[in-house]
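Trainee: okay, here's the prediction I keep looking at, along with the sequence it came from:
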Amino acid sequence: MYKVVLVRHGESEWNRENRFTGWTDVDLTEKGVREAIKAGELLKALPYEIDIAFTSVLKRAIKTLDYILEANDLLWVPVRKSWKLNERHYGALQGLNKDETAQKYGEEQVRLWRRSYDVPPLKITAEDERYPKNDRRYGKLTDQEIPLGESLKDTIARVVPYWEAEIVPRIKAGEHVLVVAHGNSLRALMKVLENIGDEEIVDLNIPTAVPILYELDDDLKPLNRTFLGDRERVQEKIDVVANPSKIME
Ligand SMILES: O=C(O)[C@@H](CO)OP(=O)(O)O
């Protein structure tokens with residue numbers, strides 16, 4: 001049997017402001033830092049010493065990972081960063097407030113943009129200041145790889161090949177892998193891992209900084225999925241992600 005741990009970053013500034021974030025490189029809030037440290041403590045209690053970690057090239061995930069490693073005195077562990085684990089690119093929605101967007105386009109449209117499998121957001125153009133090639137870290141990506149606005153399906157098309165090529169071999173080598181990523185890049189991975197249907201995926205919301213422990217069989221099919229920590233607290237956090245107007249203190 002294999003194991004892997006996935007963690008979404010702690011609360012970010014734009015989670016708090018209820019704005020579509022995507023590839024915008026916003027920082028953690030103070031609460032997000034506390035959540036990340038707590039995630040590190042939860043992992044410390046497990047018989048799972050991390051050998052290698054994977055994260056995105058966005059600071060909310062990178063910092064969450066660092067706080068987790070620090071809480072475990074494991075800052076020396078090798079870390080691989082890739083844009084392929086970035087949040088889903090939210091196109092022209094990036095920066096907009098989610099409630100205001102619902103008032104303008106309707107709740108149902110926003111629900112489709114946020115949670116459906118294959119409805120992409122409004123796209124940006126190459127002239128937009130949010131165009132990823134304006135950012136040096138994405139300078140080497142091909143035009144095909146550069147997103148202008150991704151659906152969950154588009155996100156799966158970049159996350160899952162990275163998972164298979166880079167992460168699976170480490171798990172199969174018996175290493176303890178930690179992946180720190182984002183709400184929708186993790187939904188993409190979990191949809192495929194658990195074979196969740198296109199309709200059912202709408203209901204999957206990933207809480208901030210809650211370690212998700214998978215036990216996997218020899219073919220890496222999940223035997224168990226556990227959200228670590230106090231059950232009520234985890235459910236409250238899931239509810240906030242589903243309805244982000246209700247931010248908790
Ligand atoms: O704004 C985003 O990038 C994501 C994650 O924070 O939001 P949502 O939960 O609406 O997909």
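Mentor: Everything's here; your move.
Trainee: pLDDT below threshold where in the protein?
Mentor: 246-249 (pLDDT under 70).
Trainee: near the ligand, which residues of it are found?
Mentor: 15, 20-22, 87, 90, 114, 183-184, 241 (Cβ under 6 Å from any ligand atom). Any C-beta I mention is one placed from the backbone N, CA and C, and that applies to glycine too.
Trainee: so who does the closest residue to residue 83 other than its chain neighbours touch?
Mentor: Counting by Cβ to Cβ, 6 or more residues apart in numbering, residue 57 is the residue found nearest to residue 83 once chain neighbours are left out, at 5.0 Å. By Cβ atoms under 8 Å, 6 or more residues apart in numbering, the contact set of residue 57 is 81-83, 86, 137.
Trainee: against the ligand, how distant is residue 57?
Mentor: 15 Å (Cβ to the nearest ligand atom, to the nearest Å).
Trainee: circling back to that earlier point, of the contacts of residue 57, closest to the ligand?
Mentor: Comparing those against the ligand with Cβ to the nearest ligand atom places residue 86 closest, at 9.7 Å.
Trainee: the nearest residue to that closest one once chain neighbours are set aside: neighbouring residues, count only.
Mentor: In this structure, residue 86 finds its nearest non-sequential neighbour in residue 56, 4.4 Å apart by Cβ to Cβ, 6+ apart. By the criterion of other Cβ atoms under 10 Å, residue 56 has 25 neighbours.
Trainee: with the one 5 residues further on instead?
Mentor: Residue neighbour count, defined by other Cβ under 10 Å, stands at 28 for residue 61.
Trainee: thought it was touching residue 183?
Mentor: No: counting by Cβ atoms under 8 Å, residue 61 does not reach residue 183; the two are 10.6 Å apart.
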